[in-house]
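1. Model the structure of this input:
(one chain, ligands or ions: 1)
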Amino acid sequence: MAAKEPSPDARRRSLAPLSRLLPYLKHYRGLVAGAIVSLIIAAVTTLTLPIAVRRMIDHGFNGVETGMIQGYFGMLVAIAALLAAASALRYYFVITLGERVVADLRRDVFAHVTKLSSSFFDTAHSGEIVSRLTADATQIKAVVSSTASQALRNTIMTIGAIVMMVVTSPKLSSMVIGAIPIIVLILVGFGRSVRAKSRHAQDMLAQASAYAGEQISAVRTLQAFTNESMVVGRFSAAVDRAFEAARSSIMARAVLTFFAIFFIFASVVAVLWFGSRDVLTGAMSPGTLSQFLLYAVLAAGALGSLSEVGGDFAQAAGAAERMSDILEEVPDVGAPSNPQALPAKALGAIEFRQVSFAYPSRPGMPTLTDLSFAVRPGETVAIVGPSGSGKSTIFSLLMRFYDPNAGSVVIDGVDLRHADPIDLRARMAVVPQDVAIFADTAGGNIAFGKADANQDAIEAAARDALADTFIRNLNHGYDTQVGERGITLSGGQRQRIGIARAILRDAPILLLDEATSALDAESETLVQTALERLMQGRTTLVIAHRLATILKADRILVLDGGRIVEEGTHQTLVQKNGVYAKLARLQFEHGADAFQAAE
Ligand SMILES: Nc1ncnc2c1ncn2[C@@H]1O[C@H](COP(=O)(O)OP(=O)(O)OP(=O)(O)O)[C@@H](O)[C@H]1O
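-> Numbering: from 1, shown residues only. Here you go, the predicted model:
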């Protein structure tokens, strides 16, 4: 994914990716219209204020029409009320719109990510995807809400105020308008440097947070190696670097503030100087001078803000691009337009026909070569082989996480390429080596096997998986939070939750990846018994690491270097004295006695 990212410069220049947000805005035309209307009302009301001020000064203070001053104050209060109402409405519409659009975008990106195929995740970093859903989405929210409305408001204000300046006094405006480009250029130049420095500060902070996140997630290792002071030292150095970067950005902003205020006031003083001469000569009324001054201040303020929002737009364009990159990612493995239905009554027959496969991230290196085997409904087949021989890859192809490069994988007579992956996976239950436990309750974790399962079904599955007793002994039984990654559970307990989940799923095909990590004898027996119950009446393919499992299998496939090198029962393979016999002696040492007995 990183390779596809355009350079930061290219990203800064192009605002085009923001147009990808338009379809989202279209769903909320009412909010958009409300925002624009209230924005225009607020801008126009602000622009009428100087006129009111002029009329008040020229007519209210001249001693002749003093009665009118009351009327003008009344009018000013009415204008203020309108301005306040329009601004409040603008805030409501614009912020709601921002939140709504970003919520939709987040939902779509997440939904799309869940559908992407394994080859995408082989190269993508999950942390990066999450940061797109959080940090990038937040930047987009800022643009859709405040930045876009600020830009629009300030554009209307700038144009409106300049027009009104010209209308009020063409002579003074020619002077001011001539000076504006110079001031803007200086401010924009400074603004760039401020932005570059603040971006640097953000990066430094991100580094510090990433370091903290990594260490917190591995806090047990950190404490076990008593590296607390080293880690704290590194973190505080990272935080200090972030602080220094922030200070440099704050300094630049302070200098910018100095120049911005100085230039604005200097130009106001210059206008006052020239204007007051006209007022003294009677060429201009004091009210007109005040009106002009107010317009000049409004124009300067609006222009200043406009120069700031440019950077925010560029950042959000980058964020929008990163999010739409994900939306444009097409899954390698998807449902065909007319998927072939699997037989209504699932049999659980599996067949690999001359399958060859290389992972997309390593195209030149075949992982499976010309692999053919069949598993009859209800049969239990054990796959054994040295580490890296391709055992897990067989499972990945069966679940259609990848498609083979040659040959076909067939379930119940249907080539998986022609089937809908959702339909297909519904017929399988998987118990992986390392059962994924979510930060949820014990019951919730089992229910991951079947989202609509009721409490009785969950408890029945837990009983069959021999997990019921330990779950009931937890503080709140099935409602106990088991912590992120199941940190509060033992290895054997995690596995039994995984087995309960598979029992609940009640699928005709069972894919079992036996854990390699040794459990104590008691847990081992529990897990083994639970697995045997689970395997009853189902087609089971098991990546076997234990002799006990192998002995119970109907057949053994021996895999080496992505090929099936031997096939048979334990007895026949041992007699053959080939790859299996050697592997069995080395790998199943802890079952050596059983091995001897079986021989
Ligand atoms: N996602 C992947 N992308 C690229 N190569 C992979 C991927 N997964 C596995 N491989 C490679 O494919 C080969 C077979 O891996 P596989 O996981 O199927 O082996 P295994 O027999 O299950 O090993 P183990 O018993 O150690 O789990 C290995 O060389 C491995 O490095």
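
2. so where's the stretch 51-200 of the chain shaky on pLDDT?
-> The model of the stretch 51-200 of the chain has pLDDT under 70 over residues 60-69, 125-127, 191, 195.

3. residue in it nearest to the ligand?
-> Ranked by C-beta to the nearest ligand atom, the top residue of the stretch 51-200 of the chain for proximity to the ligand is D122, at 4.5 Å. For glycine as for every other residue, the C-beta is placed from the backbone atoms N, C-alpha and C.

4. secondary structure element for that residue?
-> helix 118-123 (DSSP states H and E).

5. What's the local residue count around the residue of the stretch 51-200 of the chain closest to the ligand?
-> Per other C-beta atoms under 10 Å, the neighbour tally for D122 reads 13.

6. What separation is there between it and Y402?
-> Relative to Y402, D122 is positioned 9 Å away (C-beta to C-beta, to the nearest Å).

7. try L424
-> Taken as C-beta to C-beta, the span from L424 to Y402 is 13 Å.

8. And for H476?
-> Distance from H476 to Y402, by C-beta to C-beta: 41 Å.

9. So for the two, which residue has more residues nearby?
-> Using other C-beta under 10 Å, the more surrounded residue of H476 and Y402 is Y402, with 20 against 11.

10. does the more buried one sit in a helix, a strand or a coil?
-> Following DSSP: H, G, I helix; E, B strand; the rest coil, Y402 is assigned to coil.

11. The ligand versus that one, what's the distance?
-> Distance of Y402 to the ligand, given as C-beta to the nearest ligand atom, to the nearest Å: 8 Å.

12. same check, this time on T369
-> 12 Å.

13. number of nearby residues for that residue?
-> T369: 17 neighbours (other C-beta under 10 Å).

14. who touches D136 in this structure?
-> 319-320, 322-323 (C-beta atoms under 8 Å, 6 or more residues apart in numbering).

15. interface residues of this protein facing the ligand?
-> 122, 359, 361-362, 367, 385, 387-393 (C-beta under 6 Å from any ligand atom).

16. rerun that using 8 Å as the cut-off
-> Within reach of the ligand by C-beta under 8 Å from any ligand atom, the chain has these residues: 118-119, 122, 359-362, 365, 367, 385-396, 433, 513, 516, 543, 559, 562.

17. Buried residues, stretch 75-83. List them.
-> For stretch 75-83, the neighbour count (16 or more other C-beta atoms under 10 Å) marks 79, 83 as buried.

18. roughly how far is that stretch from the heart of the chain?
-> Centroid displacement of stretch 75-83 relative to its chain, using C-alpha atoms, centre = their mean, to the nearest Å, is 45 Å.

19. Out of the residues of the chain next to the ligand, which sit inside strands?
-> Residues of those located in strands (DSSP state E): 367, 513, 543, 559.

20. From the residues you listed, which one has the minimum pLDDT?
-> The lowest pLDDT within those belongs to D513, with 88.

21. Mark which of the contacts of D136 are part of helices, please.
-> Secondary structure from DSSP state H places 319-320, 322-323 of these in helices.

22. Distance across stretch 444-460, terminal residue to terminal residue?
-> Taking C-alpha to C-alpha, to the nearest Å, stretch 444-460 runs 14 Å from one end to the other.

23. Report the distance from it to the chain centre.
-> Centre-to-centre, stretch 444-460 and its host chain are 28 Å apart (C-alpha atoms, centre = their mean).

24. Give me the common contacts of D122 and Y402.
-> 359-360.

25. before we move on, the earlier item: doesn't D332 make contact with the residue of the stretch 51-200 of the chain closest to the ligand?
-> No - checked against C-beta atoms under 8 Å, the pair D122 and D332 is beyond contact range at 10.4 Å.

26. so how many other residues sit close to V375?
-> Other residues near V375 come to 22 when the count uses other C-beta under 10 Å.

27. Now do it against the ligand, distance only.
-> On the measure of C-beta to the nearest ligand atom, V375 and the ligand end up 18 Å apart.

28. Equivalent analysis for E214, please.
-> Distance from E214 to the ligand, by C-beta to the nearest ligand atom: 22 Å.

29. How many residues are close by the closest residue to the residue of the stretch 51-200 of the chain closest to the ligand other than its chain neighbours?
-> Leaving out its chain neighbours, the residue that sits closest to D122 by C-beta to C-beta, 6 or more residues apart in numbering is S361, at 4.7 Å. If you count neighbours by other C-beta under 10 Å, S361 ends up with 10.

30. Tell me how the protein divides into domains.
-> The chain breaks down into these domains under automatic domain parsing: 8-169+312-330, 170-283, 345-372+400-426, 436-510+518-539, 544-599.

31. Report the contact partners of the residue of the stretch 51-200 of the chain closest to the ligand.
-> So D122 contacts 359-361 (C-beta under 8 Å, 6+ apart).

32. In the stretch 401-550 of the chain, which residue sits nearest the ligand?
-> Closest point on the stretch 401-550 of the chain to the ligand, by C-beta to the nearest ligand atom, is I543, at 6.5 Å.

33. residues near that residue, how many?
-> Using other C-beta under 10 Å as the criterion, the residues surrounding I543 number 21.

34. contacts for stretch 321-335?
-> With C-beta under 8 Å, 6+ apart as the test, stretch 321-335 has contacts from 1, 4-6, 11, 17, 20, 105, 108-109, 112-113, 115-120, 129, 132, 136-137, 140, 360, 400-403, 419-422.
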